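J.: here are the coordinates; sequence isn't available:
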């Protein structure tokens, strides 16, 4: 079932790359494929189960312990579901494009790769999808972006490839230190290698943190993100922020936290500090941006900072187990919530670009009059992003900070500042864009079309649902099962 | 003498002679037939080699090793040579000496085979010299084009120096150890400083074949100036053979700590020099040449861990083979585009020739090591081999270099894919295009074929 969820979009990509279909058909193929994946994932979800479920395995290079292994636990299933949903929305988003067939082929390709990354249980396959996501996004930004698109795409590719190669080194060392060389995630999680203190585990942990940190991204390795976002087409930005960034934090939980828990606990505090710095840096720098997309992009740094903080707390082996579980639940919910919210915000930004060809905030104003639906969607997404109670962001941040205060109270207190600044910057953005006087050049600005409204409404409805009734999501994630049991003295 | 043991090599030799005779009797416009004959001979040689797979013995009075290393070389070297030969008929169609080209190619292949299987220093010298002498001719085959002549001349000058070192080195080793036979030399000679100097000189000769620092300077010139089929051949086949020969030589002295360190330093220097220089190239063929230098550096990682990492030999053979495939694809694209070589001329090529750009992208991504292309599996094998040993730092150097290499490969790919098309694009078509797509298919298929390759390849070598 999971294999199908990966293969359908990849097949769709191959078909789109080779068969001469029209723009409309291409769009519906690229939308339908992740929709089918979504159905397959929902079927797995409905099947229920504990731990890793829907597991299947096909050997690839048996002598090296590499195989096509798929299976999901609550966290990866939730992330895969969210990814499939974002891809449906991003592919269906109406666009005026040159070479639409290639564009939709890359979209479908990225959908398959992203879902594959979350559902695989083999570290090498994980790495394969991790790298392929870079290739797909590189061509999407470079070919269909605007402004300095090629430069941004190059920076994105080179930066994140550097990170992924560090991850590869880490993966190989982990596998080599197993009793018998294997890349099976379950085996490595069950008997984590490299438990001893020392230089090698520390260095490998550092390689993982830097590698995933680049992708997440955390301060100070986030500088590829703003140009990539600003120059990418709207739906590609939504995917980049909504799905690709989650690969970093997902990897951080799955590999260093679950596979080297002792080392993680030893280095949890520095990691938490990095998270807090990202929270503050992201929000302060976002506040200073006059470019709509740059501003949203920096809030991604801020939100991923919350996630990293939550992960660090969860793996710290300090405080009560309940607190750590709370923090991890928050981190995973934050990933889902940020995916949905920022996905929606970037789609809104894409809609603005299609109508105005401009992201400069002072050039906007008074759009609430001609575009009430756009205003509503943007306002709801912005409120969710700043953590208004009753919306998904609040649930996530509440959990993270409750956990953090039990473990690193001072860091929690500093991190809270970030929420304040984020609130200010979003409120200012909404005021600048939608209220006040409308500049002359914005005359004739049209509201969202029916399709656009429906897609945004779908994403935001989930944001509200998670906000007011999060129990189903928390139950699905089941954070208690994710935190590895530490040996004595860990 | 068990003459049948050398059946694959003898087949190549006899085919070369037959091709030469055929080229004498055929009119120039029919010289393409010589390519057909050469391919048949190489194919037959591969089939014979397959029949002898699994043999583990020394033959011809201990001068020639039949072992997993030789078996793989006997399959990969003629295989890659077939692809290179397939590029030539259209490329050289107007050349007056078209037919003789294939004879040269076959003799050079024979030299490479002899080099890879050599279990005796004399035999090694013979293989290296045969491969080199024919290589000079292949590089300078466009004798009316001064860049090609320059390539041949530079190849010759560096080669003459390196081969002289090689021969002097052999004399030193033989003088101290009293033998040139690997079985006798194995593990017992290298305490003496003079023998050590001799060994270093022999290594220099092999570094030349591999295009490793400090005798790498011929690679970019040959890549740029040689006829494209010859450039593909010379940057791939002698390197593969040289890598196997180098592995055997290092294998002889397991207890010598300085030797792996020397190889590791050369590896680090080679990959770094190749990559940093490749960034500044404006000519695609030179860029491929420098990238090929850096790839040699990666391959040497496996040689540095000979005897320590059990996976070193399969890693080396696998990496060199997929590197060779990717390099042949890259040169096949250049051939298909009639030698289009300025990077600026590749702007917007995706619209005009999507197939060629896709093939070039696949080749370059494989050289970077983007999964699931086979180049990734090659690099993965190298990293796995080195990370378990004291040479883990080599993997880190390789990672840094890989990031740099992505930058210059994208310098070609990005304008080709993103820019608007300019001007008409001529292609070579015919067999060259067919070979391009066959090579791409093999490169892509290599991902799947890797597992059986890995499982079937033995880890050991004869002395």
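T.: That came through fine. In this text the structure is predicted, and so the values were computed from the model without any measurement. Numbering: from 1, shown residues only, chains lettered A, B, ... in the order given.
J.: Give me the distance between residue A:291 and residue B:12.
T.: 65 Å (CB to CB, to the nearest Å). All C-beta spots, glycine's among them, are computed from the backbone N, C-alpha and C.
J.: In terms of neighbours, single out the busier of those two.
T.: Higher neighbour count among residue A:291 and residue B:12: residue B:12, with 29 against 17, using other CB atoms under 10 Å in any protein chain shown.
J.: Run through the residues that contact that one.
T.: Each residue near residue B:12 by CB atoms under 8 Å, 6 or more residues apart in numbering or on different chains is listed here: B:41, B:42, B:45, B:78, B:106, B:109, B:110, B:113.
J.: run the last query once more with 6 Å
T.: Residues in contact with residue B:12 (CB atoms under 6 Å, 6 or more residues apart in numbering or on different chains) are B:45, B:106, B:109, B:110.
J.: Could you do residue A:264 as well?
T.: Residue A:264 neighbours (CB under 6 Å, 6+ apart): A:256, A:257, A:315.
J.: Confirm that the first one sits in a strand.
T.: In this case it means residue A:256. No - according to DSSP: H, G, I helix; E, B strand; the rest coil, the state of residue A:256 is helix, so it is not within a strand.
J.: nearest residue to it other than its sequence neighbours?
T.: In space, and not counting its chain neighbours, residue A:256 is closest to residue A:208: 4.5 Å by CB to CB, 6 or more residues apart in numbering or on different chains.
J.: which helices and strands does the helix or strand harbouring that neighbour pack with?
T.: Residue A:208 is part of helix A:199-215, with elements assigned from DSSP states H and E. On a contact count with 3 or more CB pairs under 6 Å, 6 or more residues apart in numbering or on different chains; DSSP states H and E, helix A:199-215 meets helix A:149-176, helix A:245-252.
J.: Which of those sits closest to residue A:91?
T.: helix A:245-252 (17.9 Å; CB to CB).
J.: What is the closest one packed up against?
T.: Counting by 3+ CB pairs under 6 Å, 6+ apart, helix A:245-252 packs on helix A:199-215, helix A:292-314.
J.: That helix - what's its average pLDDT?
T.: Helix A:245-252 shows a mean pLDDT of 94.
J.: Now the longest strand seen in chain A: buried residues?
T.: Counting residues, the longest strand in chain A under DSSP state E turns out to be strand A:53-61. Judged by neighbour count (16 or more other CB atoms under 10 Å in any protein chain shown), strand A:53-61 contains these buried residues: A:53, A:54, A:60, A:61.
J.: Remind me which helix or strand the spatially closest residue to residue A:120 that is not a sequence neighbour belongs to.
T.: Among residues not flanking residue A:120 along the chain, residue A:126 sits closest, at 5.2 Å (CB to CB, 6+ apart). According to DSSP H and E, residue A:126 maps onto helix A:123-144.
J.: For that helix, give the mean pLDDT please.
T.: 93.
J.: Could you list every helix and strand in contact with it?
T.: Using 3+ CB pairs under 6 Å, 6+ apart as the test, helix A:123-144 ends up in contact with helix A:100-119, helix A:149-176.
J.: now it and helix A:149-176, what's the angle there?
T.: Interaxial angle, helix A:123-144 versus helix A:149-176 (axes from the mean of the first three to the mean of the last three CA atoms, to 10 degrees): 180 degrees.
J.: Name the residues that touch helix A:123-144?
T.: A:66, A:103, A:106, A:109-110, A:113, A:116-117, A:120, A:149-150, A:153, A:157, A:160, A:164, A:168, A:171, A:183, A:232-233, A:236, A:244, B:370-372, B:418.
J.: Check stretch A:446-465 too.
T.: A:89, A:92, A:94, A:340-341, A:344, A:351, A:371, A:373-374, A:377, A:380, A:384, A:391-392.
J.: how about residue B:435, phi and psi?
T.: phi -60, psi -40 (degrees, to the nearest 10).
J.: can you check residue A:72 too?
T.: Per degrees, to the nearest 10, the backbone of residue A:72 is at phi -130, psi 150.
J.: Can you name the residues bridging to it?
T.: residue A:53 (DSSP bridges).
J.: that older thread, please identify the deepest-packed of the helices and strands packed on helix A:199-215.
T.: helix A:245-252 (a mean of 25; mean count of other CB atoms under 10 Å in any protein chain shown).
J.: who touches that one?
T.: A:79, A:117, A:212, A:215, A:216, A:304, A:307, A:311, A:335.
J.: what's the angle from it to helix A:292-314?
T.: Using the same axes, to 10 degrees: helix A:245-252 against helix A:292-314 is 10 degrees.
J.: Put together CSV for the contacts of residue B:12, with neighbour count on each row.
T.: Formatted as CSV, the contacts of residue B:12 follow (neighbours: other CB atoms under 10 Å in any protein chain shown):
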residue, neighbour count
B:45, 30
B:106, 30
B:109, 33
B:110, 26
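J.: Around the nearest residue to residue B:442 once chain neighbours are set aside, count how many other residues there are.
T.: Once flanking residues are discounted, residue B:442 sits nearest to residue B:325: 5.8 Å by CB to CB, 6+ apart. By the criterion of other CB under 10 Å, residue B:325 has 27 neighbours.
J.: returning to what we had before: for chain B, state which of the contacts of helix A:245-252 is nearest.
T.: Nearest to chain B among the contacts of helix A:245-252, counting by CB to the nearest CB, is residue A:117 at 11.9 Å.
J.: What separation is there between that closest one and residue A:250?
T.: Taking CB to CB, one finds residue A:117 at 8 Å from residue A:250.
J.: And the residue of the stretch 101-250 of chain A closest to chain B?
T.: Counting by CB to the nearest CB, the stretch 101-250 of chain A gets nearest to chain B through residue A:128 (3.9 Å).
J.: Pull the number of nearby residues for that residue.
T.: 22.
J.: The nearest residue to residue B:119 once chain neighbours are set aside: what secondary structure?
T.: With sequence-adjacent residues excluded and distances taken as CB to CB, 6+ apart, residue B:119 is closest to residue B:65, at 4.0 Å. What three-state DSSP gives for residue B:65 is strand.
J.: Relative to residue B:76, how far out is residue B:65?
T.: Residue B:65 is 16 Å from residue B:76, by CB to CB.
J.: shaky segments in the stretch 1-150 of chain A?
T.: Of all residues in the stretch 1-150 of chain A, none has pLDDT under 70.
J.: Point out the residues in it that sit beside chain B.
T.: A:60, A:61, A:63, A:128, A:131, A:142, A:143, A:150 (CB under 6 Å from any CB of the partner chain).
J.: Which pair of those spans the longest distance?
T.: Maximum distance among these (CB to CB): 41.5 Å, for A:63 and A:150.
J.: so which strand or helix has the closest residue to residue A:202 other than its chain neighbours?
T.: Leaving aside its sequence neighbours, residue A:202 sits nearest to residue A:263 (CB to CB, 6+ apart; 6.6 Å). Using DSSP H and E, residue A:263 maps to helix A:261-266.
J.: Would you pull up how far that helix lies from the middle of the chain?
T.: Helix A:261-266 sits 24 Å away from the centroid of its parent chain (CA atoms, centre = their mean, to the nearest Å).
J.: Moving C-terminal from that helix, which element do we reach first?
T.: Following helix A:261-266 in sequence, per DSSP H and E, is helix A:268-287.
J.: buried set for that next one?
T.: A:268-269, A:271-272, A:274-287.
J.: Same question for stretch B:391-401.
T.: B:391, B:392, B:394, B:395, B:396, B:397, B:398, B:399, B:401.
J.: which residues touch that stretch?
T.: Residues contacting stretch B:391-401 (CB under 6 Å, 6+ apart): A:165, A:169, B:264, B:268, B:271, B:275, B:298, B:301, B:304-305, B:383, B:386-387.
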